[in-house]
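> Task: produce atomic coordinates for the following.
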Amino acid sequence: MGSDIPLFYGRLNLEYTALYRRFRPQKFSEIYGQEHIVKTLQNQIIAGRVGHAYLFTGCRGCGKTTSAKILARAINCLNPVNGEPCNECSVCKAALNETLTDIVEMDAASNNGVDDVRAIRDEVNFLPTVAKYRVYIIDEVHMLSTGAFNALLKTLEEPPKHVKFILATTEPHKLPITILSRCQRFDFKAIDKGKIVDNLKSICEKCNYEFDEAAMELIAELSEGAMRDALSILERCLQDSEKKITLDKVKELVGIPEITKIFNIVEAIFNRDIDNVILLSNEIVNSGVDIDNFLFEIIRFLRDILVYKVGVKLSNSYTENDLKEIDKIIEHKTKEELIFLIEKISKIENKIKNSLQKSIVFQTELMMLCCEEVVEEKKTSAIKISTKIGQKVDGPSEKNTAETKIIDKSVNYDFWKNVLNKLKEENLYVLY
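As a prediction, the model looks like this:
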């Protein structure tokens, strides 16, 4: 896998393979971040105690299907080494070329009916043609219908000795308990950011590409623990860059807005500068920035500020100037204020996802945010409770618990009057 890998093509290349498939691990030792599962599976293969049904669960792109493929080859390999498939024997080569009929992969998302499962139930009675075991890998198994699950129960509980099942899903809670109880369950965790970075660097070196450390860290962070997502982003960068992947190029391709825009709008919200919020949000909308992505970046930025405030080092995607600006923010803001704003922006993000007028909701919600109290004062009262029977509780009487609050409605009226006037000055439409 050297420089002969076709990354650019002037005409249609029918043999082009996606990056995550080209660099898919072929052995257990090549799988990143799932050492606890890999070790157990290898020990089972070495000891000859392979289960009849496995359930692989976890987030997308964390290695479930890849591990299932390797396990299917390993238990059928003619020359296994320490629980690993040799990938050289006739069975392994046929499996790698996807010509081995004894390893069956089924996508439950598109083959989720009772008839599909009944076909499997009829096939399991036949011995494998070449391999030792007939292995059924059912991906996205939670998509099977209720009838299909019921049809699978008996076969999954007591399959023939020559049959193995490997089920994979991202949503195990949707599986019937009767299915869960019949499988050995392995929970795949999100892959560590550092290991994703190591893999990205390795692939760039194999493809003879230079890269910025900060660019690799940003890709790993955006993938949220999914190696496949990281490789998909990297592939876009490889096809668009000229032999070097930079931080700016990654930000441009994934649509991350300029950090200064995020700085400015966060500062305006903290300062309750509604005039500036209107101007900045209007600029963002007019520039064509994806609003959903922009809000996500604000949340990610606030999260980074929060962890930085408690002493955690930030990634290299932040420059020295960025860190200086962050220092200015955290100097005057508490952790409670940051958490409050993260919660509020998250609610705005969820609200906008279901809105047909994203720009209007975006601007209105940010203006509303400037009007709210950032942190409410915590009122605590100590009430002593005696363990003695019959003793009264010391505390405020019921008559004094209710306090009368006087609200000056003119304040809210004057405030929104100023908001409407400001919108008119900016030639913005007001919807009633």
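> domain parsing for the protein?
Annotated domains of the chain cover 19-188, 193-254, 259-373 [automatic domain parsing].
> Can you tell me which of the ones you listed is nearest to Trp416?
Nearest to Trp416, of all these, is domain 259-373, at 9.0 Å by C-beta to C-beta. The way it works is simple: take the backbone N, C-alpha and C, and place the C-beta from them, glycine included.
> how distant is the closest one from the center of its chain?
Remark: domain 259-373 is offset 21 Å from the chain centroid, using C-alpha atoms, centre = their mean, to the nearest Å.
> again with stretch 104-116
Chain-centre distance of stretch 104-116: 26 Å, with C-alpha atoms, centre = their mean.
> At the geometric centre of this protein, which residue do we find?
Geometric centre of the chain, nearest residue: Glu224, 4.4 Å, by C-alpha atoms, centre = their mean.
> Who are the contact partners of that residue?
By C-beta atoms under 8 Å, 6 or more residues apart in numbering, the contact set of Glu224 is Cys59, Ala190.
> Quick check: the gap between Ala47 and Lys335.
Going from Ala47 to Lys335 by C-beta to C-beta, to the nearest Å gives 50 Å.
> Same drill for these two, tell me which one is more crowded.
Per other C-beta atoms under 10 Å, whichever of Ala47 and Lys335 has more neighbours is Lys335, with 12 against 9.
> Assess the claim that that one and Val310 are in contact.
Yes. Using C-beta atoms under 8 Å, Lys335 is in contact with Val310, at 7.4 Å.
> so where is the stretch 101-250 of the chain shaky, pLDDT-wise?
For the stretch 101-250 of the chain, residues meeting the criterion pLDDT under 70 lie at 241.
> And the strands in it?
In the stretch 101-250 of the chain, the strands defined using DSSP state E, counting those that start in this stretch lie at 103-107, 134-139, 163-169, 184-188, 210-211, 244-245.
> Can you name every helix or strand that the longest one contacts?
If I follow you right, that is strand 163-169. On a contact count with 3 or more C-beta pairs under 8 Å, 6 or more residues apart in numbering; DSSP states H and E, strand 163-169 meets strand 53-58, helix 64-76, strand 134-139.
> Repeat that for the second one.
Contacting strand 134-139 under the criterion 3+ C-beta pairs under 8 Å, 6+ apart are the following elements: helix 64-76, strand 103-107, strand 163-169.
> and the angle from that strand to strand 53-58?
Using axes from the mean of the first three to the mean of the last three C-alpha atoms, to 10 degrees, the direction of strand 134-139 lies 30 degrees away from that of strand 53-58.
> Just checking: what are the partner strands of strand 134-139?
Paired neighbours of strand 134-139 in the sheet (DSSP bridges): strand 103-107 (parallel), strand 163-169 (parallel).
> sorry, back to before: out of the helices and strands packed on strand 134-139, flag the one nearest Tyr54.
strand 163-169 (4.8 Å).
> for the helix or strand encompassing Ile278, which positions count as buried?
Ile278 is part of helix 274-286 when elements are defined by DSSP states H and E. Within helix 274-286, the residues scored as buried using 16 or more other C-beta atoms under 10 Å are Ile274, Asn276, Val277, Ile278, Leu279, Leu280, Ser281, Asn282, Ile284, Val285.
> Tell me the one among those residues nearest to Tyr20.
Among the buried residues of helix 274-286, and counting by C-beta to C-beta, the member closest to Tyr20 is Ile284, at 32.7 Å.
> so who does that closest one touch?
Going by C-beta under 8 Å, 6+ apart, Ile284 touches Pro257, Lys261, Ile265, Ile291, Phe294, Phe362.
> So which residues of the stretch 301-432 of the chain form helices?
Secondary structure of the stretch 301-432 of the chain (DSSP state H, counting those that start in this stretch): helices at 320-332, 335-353, 358-369, 398-401, 409-425.
> Can you name the residues in contact with the third one?
Counting by C-beta under 8 Å, 6+ apart, helix 358-369 makes contact with 265, 269, 274, 277-278, 281-282, 284-285, 291-292, 295, 341, 344-345, 348, 351-352, 355, 419, 428, 431, all of which sit outside it.
> swap the cut-off to 10 Å and go again
With C-beta atoms under 10 Å, 6 or more residues apart in numbering as the contact definition, helix 358-369 has outside contacts at 265, 268-269, 272, 274-275, 277-278, 280-282, 284-286, 290-292, 294-295, 298, 340-341, 344-345, 347-349, 351-352, 354-355, 357, 416, 419, 422-423, 428-431.
> Just the buried residues of these.
Buried among those by 16+ other C-beta under 10 Å: 265, 268-269, 274, 277-278, 280-282, 284-285, 291, 294-295, 298, 340-341, 344-345, 348-349, 352, 419, 422-423.
> what's the distance between Glu224 and Ile305?
Glu224 sits 19 Å away from Ile305, going by C-beta to C-beta.
> quick one: low-confidence parts of the stretch 251-400 of the chain?
Across the stretch 251-400 of the chain (using pLDDT under 70), the flagged ranges come out as 372-400.
> I'd like the strands of the stretch 101-250 of the chain laid out as TSV, including mean neighbour count and distance to Cys59.
Output for the strands of the stretch 101-250 of the chain, formatted as TSV (neighbours: other C-beta atoms under 10 Å; distance: least, C-beta to C-beta, whole Å):
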stretch	mean neighbour count	distance to Cys59
strand 103-107	18	18
strand 134-139	24	14
strand 163-169	24	11
strand 184-188	17	7
strand 210-211	18	25
strand 244-245	18	25
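> Take those strands and lay them out in a markdown table including distance to Leu218.
Output for these, formatted as a markdown table (distance: least, C-beta to C-beta, whole Å):
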| stretch | distance to Leu218 |
| --- | --- |
| strand 103-107 | 32 |
| strand 134-139 | 30 |
| strand 163-169 | 29 |
| strand 184-188 | 24 |
| strand 210-211 | 11 |
| strand 244-245 | 10 |
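> Same question for stretch 254-264: list its buried residues.
Neighbour-count burial for stretch 254-264 [16+ other C-beta under 10 Å]: Ile256, Pro257, Ile259, Lys261, Ile262, Phe263, Asn264.
> That should have said stretch 148-161, apologies.
For stretch 148-161, a neighbour-count test (16+ other C-beta under 10 Å) marks Ala148, Phe149, Ala151, Leu152, Thr155, Leu156, Pro159 as buried.
> Likewise for stretch 227-239?
Buried residues in stretch 227-239 (16+ other C-beta under 10 Å): Met227, Arg228, Asp229, Ala230, Leu231, Ser232, Ile233, Leu234, Glu235, Cys237, Leu238.
> and that stretch, how far out from the chain's middle?
15 Å.
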